[in-house]
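Engineer: sequence-free structure coming up:
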């Protein structure tokens, strides 16, 4: 007796996974959670910097305007990365 089984193809699994990812992203956008991620990723401390009144150029710190400090009077100072 021969049984033939039908399995789901790899393409169908990939398409379903991509569709699920798109639905999750749409849900995040409409619930406002994506804005929280944007705010967190723009903070100085979350990107390896420190917030100070002025950067110490003698220690090799550079001031950047890419990231924001919670205190508006401070600037974001980054140390050079070692390669």
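Structural biologist: Cool, the structure landed. This structure is a prediction, so every number in the text was calculated from the model and none was measured. Residues are numbered from 1 along each chain as shown.
Engineer: Give me the distance from the strand or helix carrying residue 14 to the chain's centre.
Structural biologist: Assigned by DSSP states H and E, residue 14 belongs to helix 10-31. When distances are taken as C-alpha atoms, centre = their mean, to the nearest Å, helix 10-31 is centred 18 Å away from the chain's centroid.
Engineer: Could you list every helix and strand that that helix packs against?
Structural biologist: If you count contacts as 3 or more C-beta pairs under 8 Å, 6 or more residues apart in numbering; DSSP states H and E, helix 10-31 packs onto no helix or strand. From N, CA and C alone the C-beta is placed, and that goes for glycine too.
Engineer: Give me the average confidence score over it.
Structural biologist: Mean per-residue pLDDT for helix 10-31: 88.
Engineer: Please shift the residue numbers so they start at 34 in all later answers.
Structural biologist: Noted, 34 is the first residue going forward, which turns the last one into helix 43-64.
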